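K.L.:
Sequence first, predicted coordinates after that:
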Number of protein chains: 2
Amino acid sequence: MFKLVRTTTLFILVFFLIPKKQFGQKLQRDQIKELAHQYTITSFPMLKELLSIPNDAFFKEYIEKNVHWCEKAFGNRGFSTQRLKTTTVPLLLAERKHKNAKKTVLIYLQVDGQPVDSTKWFQQSPYIPTLKKLNNSGDWVPISWESVKDYHDDWRVFARSASDAKGPVSMFLTALDATSENEITPNYNIKVIMDFEEELGSPQLPDAVIRNKDLLSADMLIIFDGPRHITNRPTLTFGARGIATLQLTTYGPVVPQHSGHFGNYAPNPALRLSRLLASMKDEEGRVTIDGFYEGIQIDETTEKILRAVPDNEEQIMERLQIAETDKVGTYYQEAIQYPSLNIRGMQSGWVYEKVRTIVPDRAVAELDVRLVLESDPERLIRLIKDHIKSQGYVVIDREPTKEERLEHPKIATLTHEISYQSFRTDFDSEVGLWLTRALENAFGETPIRIRMSGGSIPISPFVNTLGIPAVTVPTVNRDNNQHSPNENLRLGNYREGIQTMIAILNERL
Amino acid sequence: MFKLVRTTTLFILVFFLIPKKQFGQKLQRDQIKELAHQYTITSFPMLKELLSIPNDAFFKEYIEKNVHWCEKAFGNRGFSTQRLKTTTVPLLLAERKHKNAKKTVLIYLQVDGQPVDSTKWFQQSPYIPTLKKLNNSGDWVPISWESVKDYHDDWRVFARSASDAKGPVSMFLTALDATSENEITPNYNIKVIMDFEEELGSPQLPDAVIRNKDLLSADMLIIFDGPRHITNRPTLTFGARGIATLQLTTYGPVVPQHSGHFGNYAPNPALRLSRLLASMKDEEGRVTIDGFYEGIQIDETTEKILRAVPDNEEQIMERLQIAETDKVGTYYQEAIQYPSLNIRGMQSGWVYEKVRTIVPDRAVAELDVRLVLESDPERLIRLIKDHIKSQGYVVIDREPTKEERLEHPKIATLTHEISYQSFRTDFDSEVGLWLTRALENAFGETPIRIRMSGGSIPISPFVNTLGIPAVTVPTVNRDNNQHSPNENLRLGNYREGIQTMIAILNERL
């Protein structure tokens, strides 16, 4: 790792150590490392500029500025670009062909960011990227951008999307510069698909991929997104869980009633909801609905793959402050191989200072189901629905009418939305082996390979429509406050991200 | 019932039908009825004035105005008054002795009102009493106070506390006027205790009763509060459930976690809470904690009393829009004889438009336990606590520390507050028989006698400290929007309330 290296010294070093004429051939590990460092510093103005464009996808006028910026950035690097229209904002496709290339790699980049609550950021604006270092008291204090010539790996850039995921966009553009300016040409063609509505759940994406199937055709997909394994070592992720959400409502009296007059008489919807939820999972968090985990088998090979991830579960549990975990798996990586049924929110009546002594009129639970490749989301939702019916409920997908309320003792409203499916790629697939080689060449060690990430990314539409395998190349620090105030990107991760991407552009496919 | 009776006509009628000299003796039914009507009209300015004084007990300066008004009102009617000091606002005691009186009746009045959300009232202010009538489209439209000379029983006064419980205060003062101006003197002494913090749960009352035991000594207590039976027929209520409240919190990870990364791994507090609540009650709302209903027996006599209440349960269920009731009792009046365990509020994470895809950090349930005479509240709370322990929880009364979280897999925080106990008086007690006679004389029918009201009023401190029986004399219409916006009092109920109270002042004890 670089620590307070002086670029002037380094530049001279690089200049002498890596003679120009060696470029054009495959780069060696040291060369990649030196190049990454050199281009990290020169790319800071670009990173700053990109992070300065507001990118909350609720505001279409800002998104247009981001699309325009990307068109220019890729256009300047020899890419042809075209907008793939949707009913809202477009997706952007950039394409660059290379001499003698036989294969095409599709790269997914996310450009929009989570909404911001500026009042909770410890800086002027989430869209004014601020460089900070940790002082002796453990506080992040701003330092001048002029200092970047003398940067430290542990300094961080604070801005919305610094990690999720404009940081990786800037890394990739920088890696393109570093390779082309040093006469390294990938032996494959590149297509880049840019998503400007990822944080909205990419609602237009599945349809756009279907409509533009030919334009997007490729041999494999790589995704530059997400944080590395918690050890911050080079990581490849071979899959991600999909996601579906459900909303479950139970009913009591039509309007809240005085609990004195009607406690013991009017059925309590919060009790009904509790009993329903309790009937779905056991004391250790395992779903008890028959068939929910059907089809999932962790064989010996898989077990070996999962066990190879260097998780420190004691540390995870200490961080979460929990004394025991759910028992869906016996360890973290195993737990992620199964679909989940999570209560993400629950409400009935009022609590705390707003409490009122009533029998509430309704109780609602918001559920999310993380999907794995073996899960048919429609089937899982049917299982949940059938289970609720088996508890004596009439299940409908809207508010009950007065007539229905008076006819059926137990009514539940269940609605659902399937966002997207899971995807999973074999470690020994062509794309898996190629990326593993690239990272080995960059860092001199086999990357941590994760079979399945717990969170969800909108990749299955590509995998399923285009019929290609996908692998995620995460680069950013895990403690980046993604989706929260004070999102940041560690400069060491930015540098190693560029190093990773140079190595990928450099690796023969 | 009076409907559009002209007071001028009536006044002439009363003047001729009830010769002055008859007064001073016990009034007959017709006389009571005529007097009540006459004084209803003349009392409207007083009712308006009283309802115009804001009385949310959170604002002490308003309460002082109410105390002062009451001092004057009772002082003008021959009562001596004194303030019973507490650490917040005082209670007010008014006392009037009568010649040859052997017994003393203590009367409880509530003067403060629920907080208001003025924006939800369909009038200028909840403290500007507005007279309204229902038009043909079913809307309440304001009419001039000048119209009261020609009033209709179904017109209503809309204002905070119109029913709960300044309406009854005004009825009682009017009944005092009607009797004394017509030379009717009760054959008992009267003490009136006025509560200005009832809607706050009367936190100062139990202690004040103990400290002023001698001052408050009496032979019986009557409470002018609450709505009549839903049939709106004359009603006496012989008891009320007490109330205790609990707050139960379960824990997941110390801060909310991404449900993708930690679904199936970090224990979900909403599931834990659901399982706990579900374990406390069965599918039909019966508490399954052993001993919760201990000591309660509905014998034949009681059964007869309960069955005599003319409840139309089909109507209740239609109003609540429920197809079945909880099965704690087999009918409404029976259900109220048992303590309840009600979930009045429940929350974890976020729902609806605020939903976030997380494993929440905590889940909280707000519970209320309505108490009956057989319930020892400390014992019931201990049973609940022991039950939670029996489910594998360490139960504490505060937030767990990090060390505790890491040591104990399951922690629940349980706090409670016992507001006050239940009270219940026998139908054939002296006060019960006396009030029954008074109402029979006023209305020519035996009142509906309710063994126990489901809701709670702070009467047990009087009953237990002073060792006297208590009976509630409810007068207001049940659909009065008590505790809600657009609280109102039906003029027919106001008139019959005055009639009731004249009859009580007139009835020999």
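P.N.:
In hand now; what should we look at?
K.L.:
mind checking the longest helix of chain A?
P.N.:
The longest helix of chain A (DSSP state H) is helix A:29-51.
K.L.:
by contact count, what packs against that one?
P.N.:
helix A:7-17, helix A:60-75, helix A:166-180, helix A:430-443, helix A:491-506 (3 or more C-beta pairs under 8 Å, 6 or more residues apart in numbering or on different chains; DSSP states H and E). (Each C-beta comes from the backbone N, C-alpha and C, glycine too.)
K.L.:
change it to 6 Å
P.N.:
helix A:7-17, helix A:166-180, helix A:491-506 (3 or more C-beta pairs under 6 Å, 6 or more residues apart in numbering or on different chains; DSSP states H and E).
K.L.:
quick one, whichever helix or strand comes after the second one and helix A:60-75 angle?
P.N.:
Toward the C-terminal end, the helix or strand that comes next after helix A:166-180 (DSSP states H and E) is strand A:188-195. With axes from the mean of the first three to the mean of the last three C-alpha atoms, to 10 degrees as the basis, strand A:188-195 and helix A:60-75 are set at 170 degrees to each other.
K.L.:
residues making contact with strand A:188-195?
P.N.:
A:70, A:92-98, A:101, A:103-111, A:202, A:218, A:509 (C-beta atoms under 6 Å, 6 or more residues apart in numbering or on different chains).
K.L.:
Please apply the same query to stretch A:489-497.
P.N.:
A:1, A:36, A:40, A:151, A:153, A:155-157, A:162-163, A:167, A:171, A:475-477.
K.L.:
Separate out the buried members of these.
P.N.:
Using 16 or more other C-beta atoms under 10 Å in any protein chain shown as the burial test, the contacts of stretch A:489-497 include A:36, A:40, A:151, A:153, A:155-157, A:162-163, A:167, A:171, A:475-477 as buried.
K.L.:
got a list of what A:Val169 touches?
P.N.:
A:Val169 sits next to A:Leu109 when contact means C-beta under 6 Å, 6+ apart.
K.L.:
looking at chain A, which residue ends up farthest from its center?
P.N.:
Distance to the chain centre peaks in chain A at A:His261, reaching 50.1 Å (criterion: C-alpha atoms, centre = their mean).
K.L.:
and the nearest residue to A:Gln82 once chain neighbours are set aside, how many neighbours?
P.N.:
Sequence neighbours aside, A:Leu93 is the residue nearest to A:Gln82 in space, at 5.3 Å (criterion: C-beta to C-beta, 6 or more residues apart in numbering or on different chains). Per other C-beta atoms under 10 Å in any protein chain shown, the neighbour tally for A:Leu93 reads 21.
K.L.:
now swap in the one 5 residues further on and tell me
P.N.:
One way to gauge burial is a neighbour count; for A:His98, by other C-beta under 10 Å, it gives 14.
K.L.:
The helix or strand hosting A:Leu276 to helix B:269-278, inter-axis angle?
P.N.:
Using DSSP H and E, A:Leu276 falls within helix A:269-278. For helix A:269-278 against helix B:269-278, the angle by the same axes, to 10 degrees is 110 degrees.
K.L.:
Tell me which residues are up against whichever helix or strand comes after helix A:269-278.
P.N.:
Sequence-wise, the next helix or strand downstream of helix A:269-278 (DSSP H and E) is helix A:300-307. Residues outside helix A:300-307 that contact it (C-beta under 6 Å, 6+ apart): A:Gln333, A:Glu334, A:Arg451.
K.L.:
now do 8 Å
P.N.:
With contact meaning C-beta atoms under 8 Å, 6 or more residues apart in numbering or on different chains, helix A:300-307 is reached by A:Ile298, A:Tyr331, A:Gln333, A:Glu334, A:Gln337, A:Phe427, A:Arg449, A:Arg451.
K.L.:
In contact with A:Pro409, which residues?
P.N.:
By C-beta under 8 Å, 6+ apart, A:Pro409 lies in contact with A:Pro267, A:Gly392, B:Ile322, B:Ala323, B:Glu324.
K.L.:
Same check on A:Val255?
P.N.:
Applying C-beta under 8 Å, 6+ apart to A:Val255 gives the contacts A:Asp361.
K.L.:
Just want to check the distance between A:Asp219 and A:Val431.
P.N.:
Distance, A:Asp219 to A:Val431, using C-beta to C-beta, to the nearest Å: 8 Å.
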